[in-house]
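K.L.:
whatever this is, show me its structure:
(2 chains)
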Amino acid sequence: MSRSHGRISPSGTILAGLLVMAANPSVAAADGPSSCITCHLDESMLLRNLGASTAKRSSLQSGAG
Amino acid sequence: MAPLEPQAKVLVSRAFLSTTHGALACESCHGGDPARADKVGAHAGLDATPSVRDPVKACGDCHGETAATARNSLHATLSTFPRVLGNRAGKGASPHVDEARRNHCSACHTSCGGCHVSRPQFAGKGFVNGHAFAKRPDPIQQCTACHGSRVGSEFFGERGQGDVHAAKGMDCAACHPAREMHAAAPPDLPGRYQLPERARCTDCHRDLEVGSVRDHAIHAGKVQCQVCHSQTYVNCTGCHVGKDPEGTPYFQNRREVETLKIGLLSGDQAAGAGFRYGLVRHVPSYPEMFDFYGKDLFPRFGDVPTWKRASPHNVQRRTWQAATCNNCHGNRALFLASSDTGVGDREANRKVVVPDGKVPKPIAKTRRLDIDTSKVRSGMVVDARWLGANLGKANVVVVDARPRDAYAKGHVPGAVSLDPLASGLRTGPDATKPFVLEPHAKVAAILGKAGIQADDHVVVYDQAGAMATALAALLEWAGATHVSYLDGGIEGWHDAGGPVTVEPSIREPREFRGTPRPEFVVDGATLEKLLGRPGVIVLDARAIHRILGATRHERAARAGAIPGSISLPIGSLLMDNGALKPPVELLWMLRTKGITPDKTIVTTCDTGIAASDAFFLLRWLGYPDVRVHDEAWVVWSRSRTP
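P.N.:
The predicted structure is shown next:
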């Protein structure tokens, strides 16, 4: 299991992330490098990038146990 | 429990990053491509729930032993389901049985992540605490998110009084530790009660046979603890399965019925139990359960009981059936009878039914309970038979307190619709004081517009009792002189063969002309003065998780409870389908809590509804001085500390 966390990833990864961010402003982070954590720490960014709930649960479903 | 918003489901907290798991690279558990900043690219190959697919690979590097057994635990495999269904299907079972099981029964399995980091899949997923891992699962967001409609409701007092262990602040893991939850289930395990690591009452309550409680010594080895220590619980009459128009599988409980039944345990049900008499609950199985997939899929349905050993999570030290010997001994209704089984499952339950000769005989000399029922205001409750005989009389006004759409689907003929939450009788959620009673003049105008006059005999009903008794309380406060609650509500009406109609009933508007009863309601300032006074009881009718501060109403400023209040969830006064227990039983239960008629009782809750329910029902039971704290916790929490 890797100990090189996505948010402190090697410099090459950071650079690649920054380049992609620049090319894709809809997911650009407000600060810091792009990685899993950059987006998943930012509620407003998640809000912009996630649509309605995709949970596949029927409206006819009862509660369980 | 409301589902999380999509962004809240996957929002990681900064605090997580400082934890042991937070130091790991995201992709080491989840895959994906952290070098990509676009959503699609970053999520390519992502496994959002890695412990579902392979718990050993996901968690085993650090939690090797646990992951190795947990992958075969009952939570992960639900291995008893195929066994039970297979027994009912017999040899050469149709493949449709397995297809249906995978589509419906398997929806409830969970994984390491579903107990330690996220809500389980059945509960809609999403991080419980910003992706922080917790050793003990969250009882609300994890355990009872799945084990909700029976275990959760009973444990936290959304039905009945709740469980004494919950009231003491014990969580699920207190009785169901990791040793049990992570245990590998043997492949041939007949049922969860045969898991060697299962929780037992005697894990904590030891040496009962030789203790100071005489009844323990008498009953140990014969009777399950819960026979004496459980309250009534719900039984499911059948699980209807199918797929909705979008093709998404679902299951629906056809009907839930609150009872308490003692059965005889034998075979798999008795193995390792250490007693013969145990509580039994009707499980949601019936021969046509999987008819959506094919006909006659269970030719051996009669081989497996549908009344099965149960351990309701609503334990109380003192219960009605154990209040005195003959509440149980000789009480045929408490023991499962052949008449409790349907035609389809009579054979299946042949051995569980308690024959007359096996019902313990009454005890000649036993304790008297001395409950005074002479003050019960019997006119405040009517049954379906009474309503059938009096329907259409000039001064009888029937009011349906269910939501408008339920009314539209079928209601008692002549009933007018008046939903107490949607009729303007109370302030809205955004008011300065949310959910409180509107001024009397406005309430009187709404009642008059519905065709109600103060001197009518108003009969209110609903589905489960909470809205109808709240409306009944409001009518009394407004000055109605004769208000009755229909025992059992619309279900009781159906069961009695009462007709229903979809034709809306509209009464001629009248002037209500009621004299208000302000003494029935107290505000927060008045309650503050009453707190701590001798002879005053503040009865909090909310569920236990509110009292404990584990949850709060979305409009409350904080979680908590009014200091010195006594917890008595409204479910202890109202059964699941709006039926009422006999007054003698309720008066005994209230006495055990010290809630006696010689005291001033102020009822409270979150929004005034449950408090109003308790107000009406205590008045029915003959309590002379009951008042509703209408502002309730939502307003109290905003303006007062504590």
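K.L.:
ranges for the strands of the stretch 101-250 of chain B?
P.N.:
For the stretch 101-250 of chain B, applying DSSP state E, counting those that start in this stretch gives strands covering B:233-236, B:239-243, B:249-253.
K.L.:
in the second one, what's buried?
P.N.:
Going by neighbour count (16 or more other CB atoms under 10 Å in any protein chain shown), the buried part of strand B:239-243 is B:239-242. Quick note: C-beta positions are derived from backbone N, CA and C, even for glycine.
K.L.:
out of those residues, who's near chain A?
P.N.:
Contacts with chain A within the buried residues of strand B:239-243, counted by CB under 8 Å from any CB of the partner chain: B:239, B:242.
K.L.:
that older thread, okay, the strands of the stretch 101-250 of chain B in CSV with mean pLDDT next?
P.N.:
CSV is the format used below for the strands of the stretch 101-250 of chain B (pLDDT from 0 to 100):
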stretch, mean pLDDT
strand B:233-236, 93
strand B:239-243, 89
strand B:249-253, 87
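K.L.:
save those strands as a markdown table, and put in distance to B:Gly263 too.
P.N.:
Output for the strands of the stretch 101-250 of chain B, formatted as a markdown table (distance: least, CB to CB, whole Å):
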| stretch | distance to B:Gly263 |
| --- | --- |
| strand B:233-236 | 12 |
| strand B:239-243 | 20 |
| strand B:249-253 | 21 |
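K.L.:
what sits against the closest residue to B:Glu631 other than its chain neighbours?
P.N.:
Nearest in space to B:Glu631, with sequence neighbours left out and distances taken as CB to CB, 6 or more residues apart in numbering or on different chains, is B:Gly524 at 4.8 Å. Applying CB atoms under 8 Å, 6 or more residues apart in numbering or on different chains to B:Gly524 gives the contacts B:629, B:631, B:635-636, B:639-640.
K.L.:
these: which two are farthest apart?
P.N.:
Within the contacts of B:Gly524, B:His629 and B:Ser639 form the most distant pair, 13.2 Å apart (CB to CB).
K.L.:
more neighbours: the two, which one.
P.N.:
For B:His629 and B:Ser639, the more surrounded residue by other CB atoms under 10 Å in any protein chain shown is B:His629, and the numbers stand at 27 against 11.
K.L.:
does that one touch B:Val522 like I think?
P.N.:
Yes: counting by CB atoms under 8 Å, B:His629 does reach B:Val522; the two are 5.5 Å apart.
K.L.:
what do those two both touch?
P.N.:
Common neighbours of B:His629 and B:Val522 (CB under 8 Å, 6+ apart) are B:Val602.
K.L.:
number of residues surrounding the nearest residue to B:Asp419 once chain neighbours are set aside?
P.N.:
Closest residue to B:Asp419 apart from its sequence neighbours, by CB to CB, 6+ apart: B:Pro403 at 5.4 Å. Neighbour count for B:Pro403, taken as other CB under 10 Å: 15.
K.L.:
next up, the contacts around B:Pro403.
P.N.:
Counted by CB under 8 Å, 6+ apart, B:Pro403 has contacts B:419, B:421-422.
K.L.:
could you identify which of those has the most neighbours?
P.N.:
B:Asp419 (19 neighbours).
K.L.:
does it sit in a helix, a strand or a coil?
P.N.:
The three-state label given to B:Asp419 by DSSP: H, G, I helix; E, B strand; the rest coil is coil.
K.L.:
pretty sure it is touching B:Arg404, no?
P.N.:
Yes: B:Asp419 is in contact with B:Arg404 according to CB under 8 Å; the separation is 6.0 Å.
K.L.:
before we move on, the earlier item: looking at the buried residues of strand B:239-243, which is nearest A:Asn49?
P.N.:
B:Gly242 (34.6 Å).
K.L.:
quick one, what contacts the closest residue to that closest one other than its chain neighbours?
P.N.:
In space, and not counting its chain neighbours, B:Gly242 is closest to B:Phe292: 4.6 Å by CB to CB, 6+ apart. B:Phe292 makes contact with B:100, B:241-243 under the criterion CB under 8 Å, 6+ apart.
K.L.:
now the residue most central in space within chain B: how far from B:Ala166?
P.N.:
Nearest residue to the geometric centre of chain B (CA atoms, centre = their mean): B:Ser153, 2.9 Å. Distance from B:Ser153 to B:Ala166, counting by CB to CB, to the nearest Å: 11 Å.
K.L.:
same check, this time on B:Lys222
P.N.:
B:Lys222 sits 28 Å away from B:Ala166, going by CB to CB.
K.L.:
between the two, which is the more surrounded one?
P.N.:
Neighbours were tallied for B:Lys222 and for B:Ala166 using other CB under 10 Å; the higher tally belongs to B:Ala166 (27 against 12).
K.L.:
list the contacts for that one?
P.N.:
B:155-157, B:544-545, B:548.
K.L.:
would you mind measuring from B:Val635 to B:Glu438?
P.N.:
From B:Val635 to B:Glu438 the distance is 14 Å (CB to CB).
K.L.:
more neighbours, those two?
P.N.:
Comparing B:Val635 with B:Glu438 by other CB under 10 Å, the one with more neighbours is B:Val635, at 26 against 18.
K.L.:
measure the residue lying closest to B:Val151 once chain neighbours are set aside to chain A for me?
P.N.:
Among residues not flanking B:Val151 along the chain, B:His313 sits closest, at 4.8 Å (CB to CB, 6+ apart). B:His313 sits 11 Å away from chain A, going by CB to the nearest CB, to the nearest Å.
K.L.:
specify the local secondary structure of B:His313.
P.N.:
Under three-state DSSP, the three-state class of B:His313 is coil.
K.L.:
thinking it is in contact with B:Glu154, fair?
P.N.:
Yes: applying CB under 8 Å, one finds B:His313 in contact with B:Glu154, separated by 4.9 Å.
K.L.:
anything in contact with each of these two?
P.N.:
Both B:His313 and B:Glu154 are contacted by B:Asp163, under the criterion CB under 8 Å, 6+ apart.
K.L.:
next one: phi and psi at B:Gly92?
P.N.:
The phi/psi pair for B:Gly92 (degrees, to the nearest 10) reads phi 70, psi 30.
K.L.:
for B:Leu74, same thing?
P.N.:
phi -60, psi -30.
K.L.:
now it: how far from B:Phe81?
P.N.:
As judged by CB to CB, B:Leu74 and B:Phe81 stand 10 Å apart.
K.L.:
tell me the pLDDT of B:His109.
P.N.:
With respect to pLDDT, B:His109 has a value of 85.
K.L.:
number of nearby residues for it?
P.N.:
So B:His109, with other CB under 10 Å, has 19 neighbours.
K.L.:
B:Phe156 and B:Pro177: what is the separation?
P.N.:
Applying CB to CB, the value for B:Phe156 to B:Pro177 is 20 Å.
K.L.:
do B:Arg200 as well
P.N.:
12 Å.
K.L.:
and the nearest residue to B:Asp625 once chain neighbours are set aside, how many neighbours?
P.N.:
Spatial nearest neighbour of B:Asp625, chain neighbours left out: B:Thr600 (4.6 Å); criterion: CB to CB, 6+ apart. B:Thr600 has 17 neighbours, counted by other CB under 10 Å.
K.L.:
my read: B:Thr600 touches B:Ile537, true?
P.N.:
Yes: assessed by CB under 8 Å, B:Thr600 is found in contact with B:Ile537 at 7.1 Å.
K.L.:
related to what we said a few turns ago, need the contacts of B:Gly524 in CSV (columns: secondary structure and pLDDT).
P.N.:
Formatted as CSV, the contacts of B:Gly524 follow (DSSP: H, G, I helix; E, B strand; the rest coil; pLDDT from 0 to 100):
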residue, secondary structure, pLDDT
B:His629, strand, 98
B:Glu631, coil, 95
B:Val635, helix, 97
B:Trp636, helix, 97
B:Ser639, helix, 88
B:Arg640, coil, 78
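K.L.:
give me the neighbour count for B:Asp61.
P.N.:
Applying other CB under 10 Å, we find 13 residues neighbouring B:Asp61.
K.L.:
looking at the stretch 501-642 of chain B, which residue is nearest chain A?
P.N.:
B:Asp576 (13.1 Å; CB to the nearest CB).
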